[in-house]
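*Asks:* sequence-free structure coming up:
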Ligand SMILES: Nc1ncnc2c1ncn2[C@@H]1O[C@H](COP(=O)(O)OP(=O)(O)OP(=O)(O)O)[C@@H](O)[C@H]1O
């Protein structure tokens, strides 16, 4: 049985539908990513999963519980870090951990948690004085303190420098490896590709694709990109007739072909037949970014 099950979720604000029949499941032990352009309905969806908002229609079950009517029991199995989480600036890290531990009947010991998250030497620092990365580590600790089976992380690494972001990714992997199921809202393609077992792409309040990162990439219309500078002029008509070619551009004598592996094989054969050398030949796979652009029409 999936740990999270969302079926036909719909939510409107002031008559405007922003989540429109969203369905997905999150299986035990996986990291499911929710990816989508600004205003796609990601946060609203996640707020329904954690019981902060009631759906207009559809059902949400988390570990078999209704997040709205079973909210009390839900907090024992689900921890959350929300977008733009804040704490009082004067609260120390230790005070925050103790305060959150007091919310739960059987909290995890916060000391090893703080140790694991590299917060031990920050226990007496005030929240307002922490760096962005330290704040995020504290929020991860706070989301784990109740000993949850599931954590929901919304835009966890927004605003972090690349180093802090990578450290946070490693922490999330450790959380998953400890057996906790993760629902992750993110804007970052690299983050989604690295961390997520599956990704639900949401656009305009609907799930437009749900697949593994590799599965999404293979759906991109232009799954392979080849570029080269030919040693002699090319027969453009022969190029345009290459199989599975979706576009060809020429700029300052350099050609870029979008297509599939079949296009690349045929282009190489064509060049060889005409005894043309392909200088600075580059062949690259499409990225999750390309797939996202294809699916949503918006660049990440
Ligand atoms: N409380 C609210 N009242 C009215 N409209 C809202 C409210 N919360 C969100 N919206 C609107 O609903 C739409 C979806 O917002 P939501 O925050 O769920 O999207 P998102 O995908 O998380 O966006 P972002 O990536 O920008 O955080 C947006 O157009 C937003 O302006």
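*Replies:* Done, it's in. Note that the structure is predicted; figures quoted are calculated from it, not measured.
*Asks:* report the contact partners of the closest residue to residue 289 other than its chain neighbours.
*Replies:* Nearest residue to residue 289 in three dimensions, chain neighbours excluded: residue 189, at 4.8 Å (Cβ to Cβ, 6 or more residues apart in numbering). Placement of C-beta: from N, CA and C, glycine included. Residues in contact with residue 189 (Cβ atoms under 8 Å, 6 or more residues apart in numbering) are 35, 287, 288, 289, 292, 300.
*Asks:* do residue 229 as well
*Replies:* Counted by Cβ under 8 Å, 6+ apart, residue 229 has contacts 253, 254, 255, 278, 279, 280.
*Asks:* which of these sit farthest apart?
*Replies:* Using Cβ to Cβ, these span at most 12.0 Å, a distance reached by 253 and 278.
*Asks:* which of these two has more residues huddled nearby?
*Replies:* Set side by side, residue 253 and residue 278 show more neighbours around residue 278, with 19 against 10, by other Cβ atoms under 10 Å.
*Asks:* re earlier: quick one: which of the contacts of residue 229 is nearest to residue 164?
*Replies:* Of all those, residue 164 sits closest to residue 280, with 35.6 Å by Cβ to Cβ.
*Asks:* what pLDDT does that closest one get?
*Replies:* Residue 280 carries a pLDDT score of 96 in this model.
*Asks:* following element in sequence after the helix or strand hosting it, please.
*Replies:* Taking DSSP states H and E as the definition, one finds residue 280 inside strand 278-285. Next helix or strand after strand 278-285 toward the C-terminus (DSSP H and E): helix 288-296.
*Asks:* in that following helix, which residues are buried?
*Replies:* Buried positions in helix 288-296, judged by neighbour count with 16 or more other Cβ atoms under 10 Å: 288, 289, 290, 291, 292, 293, 294, 295, 296.
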